[in-house]
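In: Got a predicted model here, sequence first, then my questions.
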Amino acid sequence: MPPVDVLIVGAGPAGLSTAIRLRQRVAAAGRECSVVVLDKAAAPGFHNLSGAIVEPAALDELLPDWRSDRSRFADQVTPVERDELYVLTERRAVRLPPPLVPGAMRHAGDVTLSVSRLTAFLSERAARLGTEVYHGFAARELLVEAARVRGVRLVDAGLDAEGRPAANYLPGEEVPAAITVLADGSHGVLSSQLASLISSGLADPERGPGEVRDPQVYGLGVKAVVQFAGTNPFGNNRVVHTLGFPTRRGVFGGGFVYSMGPRTAAVGLILGLDWRYGDLDPRAEFEAYQAHPFVASLLAGSSLVATGARTIPEGGYYALGPLHVPGALLVGDAAGLVNEAKLKGVHYAMRSGMCAADAIADALLAGEPADGAGARYVRLLGERGILADLHRARSYRQGFQRGLVPGALLSTVGDRLPLHLHMPPDRQGTRPRARTARRPPGHADGAAFLALTGTSHREDEPSHVTLVDPALCATCGETYLAACTHFCPGEVYRWNGEQIVLSPSNCLHCMTCTVKCPSDNIRWRPPEGGEGPRYRQL
Amino acid sequence: MHCIVLVKQVPDVSNIPEDAWDTEHGTLRRGMLESILNPLDLHAVTFASRVTAASPGSRTVYLTMGPPQAREVLVDCMARAPGEGVLLTDRGFAGADTVATAYSLACAIRRIERECFDGSRDYAIVAGMQSVDGDTAQVPPQIAEELGIEQIAYVTSPEAGPAFELRRIGPEGTETVRPLRYPVLLTVTACTAPLYRSFHGARAAQRAPIHEWSAASVQAEPGRIGLRGSRTQVYQLFSPNEGKTRSCVLAHDAAELVALVDARYGRGPRQVPADADAPYTLAGQTPTYQGEFWVYAEPGDAGIRSVSLALLGKARQLAAPLGAAVGAVQVGAGPTSPAGAGLAGAAQDDLAGELIAHGADRVYVAEHPLLTPAIPSAHARAVADAVRRYRPQVMLFGATPWGRELAPRVAYASDCGLTADCTRLEIGDYAKGSVSLVAILKQTRPALGGNVMATIMTRSSPTQMATVRPGVFGVPPRDPARQGEIVRIVPELPDGSIGLEIVGVEAAAASSSIRDAEVIVAGGRGLHSRVEFHALLEPLARNLGARLGARSDIGASRMAVEDGYTGRECQVGQTGQTVTPRLYVAIGISGAVQHISGMQHADLVVAVNRDPRARIFDYADIGMVGDIAVVVPALVRATEVPAHAAR
């Protein structure tokens, strides 16, 4: 078996762009380099969700022939022709005149697509180029030797509910690799282990002495795909963004509706996880959003066919994670490479993956040790304008934490001010006893929402979510209104009157709980490979 | 000992995306489902790895038939346990039914024997119970018939020890069976903890060579493969919801609810439309098939199994407009049950009398000493002999464990197609192009995990054969005055034709599964506590069982199990048990889709919930809105009296 030269953890747009560009480069140079991509989802795209209004430039650059590919992917990409921004009050919608829409929120020339489908397409192209893509394998931890990442260890499989090995027990395998690329997404399992590894001696080359890195902050996107049985009142080639309702004081967020073809549309709501209210239920907010007279009129006559939720790193420039450590590079959402002003993640995920691939290929083809790739990667992120874009948007989300009006003002001039606004971790945003007291407008059918995510887990495996100190949960109801029983879009946490009861098989792998538990009392580790949601068109 | 593991690529019917439903036609777009390794085949892979691990120097060959992309399932197997892969792929195989598939795979097995095992016949062919898309369980026994070998079905584990012996679930408990000849075909139950794919195994599997064999390369006769070699044909597909009474009747009080249950209990599954019994009229044409309508009389604890008696009633009803007679086929040693408990000679004639009293005009009794103990290959031979000799136009079997072992071999040996697990039978005509068929048997069965109904007709077969799901048709009234004829047959069974030996039977422990229950009372989170769960549900289950004369059991939603109200073995749903009782009572269950998928094929569904908008009411026939703590005790009181006494 050939050794693994480049191991990429996470088969999303970032990881697969890395793989594709790398294989293109080595093939062009007539060299060999084994590229292995691992992903915990059962099949390509199943764990990928985005409100994907995408600049196609990255795709054009990576695979110039993507529009003429024999797969049907290009048919499901919809160019944006109409682009509107509305401010919603409780009952009304006011359209912002186009000249007033900030440049970063205009989408002419963009396309809408499903990132699950984009991922499936990239996966197929990566495989055609000789990448080995393996689905259903979850990485549990980084292998670190002599202050250098040497690969990963996979999760144990075949444990019973008490953690005892069953007859088919398969201990977590080691996957050693010359260089590892962490593309494990928003609050990725491995990339979020780096902080503690760095504090225990793993070098973080990008951080100068005394330089403070802000904690990452996140948004939670809740999304659905709807199908129109008859007429489609929304129309095709259209994008609608909204501000205002259902958000309120202490909640940052916005909604969107966009076309995914003549009979299909996507609707979603993104809420900053620093929200103030312990009882804020993102699914109830999403339901309220869909029931708003304006949004309801856009979606009239449609029915839900797919649902899902996922966090988004929103901290921007100052919250960027380490971009490389000895033996490993971080790309895409795993590194926090999201431009919050433009609401663009997919674009930066792909472009950062291409930078990483070029850096590794340059080192490899020059016969240099792979460790040189880290610094080269950061240089390429700079040269190709990615860091500059993020730097320009550095105060955007931070401004909105201070409210809609200061945020809106700062968003127009923030890039010209010598500001470094700090944001505390999201969990600190929850205020004691703050209530939304939202009454869902219709019949919030949690069962239907969950079923449409397709999520499942083997129910007799050890719970992959755990409470560090269950006694702490007993006091949470008083102060933070048992926040996990509200914030989890998968209904993993329930209060039975005495304690928190876990339903880990509902989990959507969105990572909200690890970010938002006010007491930092929840731990999430990857369950057996192949589990979790099954997104096909989100 | 070497192993050949039979595997199949199937659509993933346990994860159906919402938009895979063709809402216009109520059917499923199969192309929108993931392709996976048939989940039950995982047990065959795991079982085979245990057999070969115990026998150094042995080889494992994974065999599948399908389009080129079916190689994925071979790679999947090899990532779990190393072996070689054989992909039988050829345009000529397309459209194959079980008969043509079994023949094609048997040809490949012969080539594997020659080339991979160097002519050694010391090997086992291992298969899963059935595929989740076809659900027929016909291919393995038909391969065994083609190869002239024994099949051992419902195998649970290889027995440790010097001799290769197997434990299987027999009709009267766990049997230990020893093959006397090799190769032998084993179908294994879902009782192993399936091996996981290992990462390094998956990498090696990507690089392992896979033999791609065409029809010609395995010397398959072109006339016996693919559509040309098939003896059944799908006539139409439709939604299982067609004819289903979707609307839920709401009861106002407990007494009304119980009265509704009494009136509708035992009326069969809902997917049988009301018009299924509309009689056929032969409009002066000549029927395509001639001969009698036959039913295989399966022995059971108390004489003949009720499914066989019910089929006699159905056969009479189908045969009447054609003026055809009804026959029953009985096999014995004298008479015997499949487990081998012999009955006295006089008892056999009693059984024949029973068959006549339930509608048989003629009872064919096949007798031979080698028919005890009951071995499927020998019994199949006896029945097939009779079929070939008398050529009935229809032959029906109960789709019991024994019937599903026997019928495929009978069909294969008598050159007939077979439709498995029918839930509806009718006589009808078929005309398309130059083909015009008169008074043929239309056989309707659930497919794709019950998500689609398929109506199938037999072609290129002298007899139309089907197995029928027990409980679908009612037992006709017994008429002791009926007269009939007994015909005795002696099948040709040379000494040494039996290739296996039953070396021991252990009576089954008194374990029962919720899946066997005819009445299930299931509770959800609406029960609020473990104590309430048991205090409310158990008396209701007990009373309903006594009232309806049925075996009753307790079920639970996943939420109730997670809250510790009851054990995991009671969980009904996608990740728990899939149940098809005659009556399913859902108490305080909201109706998560994953729960619905585990009980939606119950004959009659009753829902009690406090929330009138709960989704469970969309899937219920009878409902009641109210506080569980009030309604359930009222139901317990209302069901105190047995139904017949109440009338």
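Out: That came through, no problem.
In: quick one: secondary structure of A:R213?
Out: The three-state label given to A:R213 by DSSP: H, G, I helix; E, B strand; the rest coil is coil.
In: Could you pull up the contacting residues of it?
Out: A:207, A:318-321 (C-beta atoms under 8 Å, 6 or more residues apart in numbering or on different chains). Quick note: C-beta positions are derived from backbone N, CA and C, even for glycine.
In: tell me which of those is nearest to chain B?
Out: A:G321 (26.1 Å; C-beta to the nearest C-beta).
In: Let me see the contact set for the closest one.
Out: Residues near A:G321 by C-beta under 8 Å, 6+ apart: A:191, A:194, A:213, A:216, A:330, A:334-336.
In: Please produce JSON lines containing the residues you listed, extended by pLDDT and secondary structure.
Out: Putting the contacts of A:G321 into JSON lines (pLDDT from 0 to 100; DSSP: H, G, I helix; E, B strand; the rest coil) gives the following:
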{"residue": "A:S191", "pLDDT": "95", "secondary structure": "helix"}
{"residue": "A:L194", "pLDDT": "90", "secondary structure": "helix"}
{"residue": "A:R213", "pLDDT": "80", "secondary structure": "coil"}
{"residue": "A:Q216", "pLDDT": "94", "secondary structure": "coil"}
{"residue": "A:L330", "pLDDT": "97", "secondary structure": "strand"}
{"residue": "A:A334", "pLDDT": "96", "secondary structure": "helix"}
{"residue": "A:A335", "pLDDT": "95", "secondary structure": "helix"}
{"residue": "A:G336", "pLDDT": "95", "secondary structure": "coil"}
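In: Give me the below-cutoff pLDDT ranges for the stretch 401-538 of chain A.
Out: Within the stretch 401-538 of chain A, the stretches with pLDDT under 70 are A:414, A:440-446.
In: and if you look at chain A?
Out: Looking at chain A by pLDDT under 70, you get A:208-212, A:414, A:440-446.
In: follow-up on the earlier one: show me which of the contacts of A:R213 are buried.
Out: A:318-321 (16 or more other C-beta atoms under 10 Å in any protein chain shown).
In: returning to that earlier point: may I see the contacts of A:G321 arranged in JSON lines, with distance to B:G567 as well?
Out: Formatted as JSON lines, the contacts of A:G321 follow (distance: C-beta to C-beta, whole Å):
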{"residue": "A:S191", "distance to B:G567": "39"}
{"residue": "A:L194", "distance to B:G567": "42"}
{"residue": "A:R213", "distance to B:G567": "49"}
{"residue": "A:Q216", "distance to B:G567": "42"}
{"residue": "A:L330", "distance to B:G567": "44"}
{"residue": "A:A334", "distance to B:G567": "41"}
{"residue": "A:A335", "distance to B:G567": "45"}
{"residue": "A:G336", "distance to B:G567": "45"}
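In: Next step: the buried ones among the contacts of A:R213 restricted to helices.
Out: Assigned to helices by DSSP state H, none of these qualify.
In: re earlier: for the contacts of A:G321, which one is nearest A:Q428?
Out: Minimum distance to A:Q428 across the contacts of A:G321 is 13.1 Å, recorded for A:Q216 (C-beta to C-beta).
In: what about the closest one, distance to A:V240?
Out: To A:V240, A:Q216 is 29 Å away according to C-beta to C-beta, to the nearest Å.
In: where does chain B dip in pLDDT?
Out: B:26, B:160-161, B:241-246, B:268-277, B:333-348, B:508-512, B:642-647.
In: which helices and strands sit right next to the biggest strand by length in it?
Out: As assigned by DSSP state E, the longest strand anywhere in chain B is strand B:435-447. Applying 3 or more C-beta pairs under 8 Å, 6 or more residues apart in numbering or on different chains; DSSP states H and E, one finds that strand B:435-447 contacts strand B:418-422, strand B:424-432, strand B:452-458, strand B:464-468.
In: Work out the sheet partners of it and label each with its direction, please.
Out: Paired with strand B:435-447 in the same sheet, following DSSP bridges, are strand B:424-432 (antiparallel), strand B:452-458 (antiparallel).
In: List the buried residues for stretch A:139-159?
Out: A:139, A:141-144, A:149-159.
In: Check stretch A:356-376 too.
Out: Buried residues in stretch A:356-376, counted by 16+ other C-beta under 10 Å: A:356-364, A:370-371, A:373-374, A:376.
In: so which helix or strand takes in the residue in the stretch 101-250 of chain B positioned nearest to chain A?
Out: Closest residue of the stretch 101-250 of chain B to chain A, C-beta to the nearest C-beta: B:A193 (3.9 Å). Secondary structure from DSSP states H and E places B:A193 outside every helix and strand.
In: contacting residues around it?
Out: A:158, A:166-168, B:46.
In: State the distance from the closest residue to B:H252 other than its chain neighbours to chain A.
Out: Leaving aside its chain neighbours, B:H252 sits nearest to B:M624 (7.8 Å; criterion: C-beta to C-beta, 6 or more residues apart in numbering or on different chains). Between B:M624 and chain A the computed distance is 19 Å (C-beta to the nearest C-beta, to the nearest Å).
In: where does B:M624 land in three-state SS?
Out: Three-state call for B:M624 (three-state DSSP): strand.
In: thought it was touching B:A255?
Out: No - using C-beta atoms under 8 Å, B:M624 is not in contact with B:A255; the gap is 11.0 Å.
In: which one of those two has more residues nearby?
Out: Taking other C-beta atoms under 10 Å in any protein chain shown, B:M624 and B:A255 do not tie; B:M624 has more neighbours (24 against 15).
In: show me the contacts for that one.
Out: B:250-254, B:257, B:606-608, B:631.
In: for A:A120, same thing?
Out: Residues near A:A120 by C-beta under 8 Å, 6+ apart: A:43-45, A:73.
In: any chance of the residues you listed in JSON lines, plus neighbour count?
Out: Shown next, in JSON lines, are those (neighbours: other C-beta atoms under 10 Å in any protein chain shown):
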{"residue": "A:A43", "neighbour count": "23"}
{"residue": "A:P44", "neighbour count": "26"}
{"residue": "A:G45", "neighbour count": "26"}
{"residue": "A:F73", "neighbour count": "20"}
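In: Close to chain B as well: tell me which of those qualify.
Out: Filtering the contacts of A:A120 for proximity to chain B by C-beta under 8 Å from any C-beta of the partner chain leaves A:A43.
In: just the contacts of A:A120 now: which is nearest chain B?
Out: A:A43 (6.2 Å).
In: Identify the spatial nearest neighbour of that closest one, chain neighbours not counted.
Out: Nearest one to A:A43, counting by C-beta to C-beta, 6+ apart, is A:H135 at 5.6 Å.
In: List the contacts of the one you found.
Out: When contacts are counted by C-beta under 8 Å, 6+ apart, A:H135 touches A:11, A:39, A:41-44, A:529-530.
In: quick one: it from A:L96, how far?
Out: From A:H135 across to A:L96, the span is 43 Å (C-beta to C-beta).
In: Quick one: residues contacting the residue in the stretch 201-350 of chain A positioned nearest to chain B.
Out: Proximity of the stretch 201-350 of chain A to chain B (C-beta to the nearest C-beta) peaks at A:V305, 4.3 Å away. Shown in contact with A:V305 (C-beta under 8 Å, 6+ apart): A:225-227, A:264, A:452, A:537, B:17-19.
In: ok, now A:S259?
Out: Contacts for A:S259 (C-beta under 8 Å, 6+ apart) come out as A:78, A:112, A:234-239, A:265.
In: which residue packs closest to the residue in the stretch 351-500 of chain B positioned nearest to chain A, ignoring adjacent ones?
Out: Residue of the stretch 351-500 of chain B nearest chain A, by C-beta to the nearest C-beta: B:N451 (14.9 Å). Closest residue in space to B:N451, ignoring its immediate chain neighbours: B:L28 at 5.0 Å, by C-beta to C-beta, 6+ apart.
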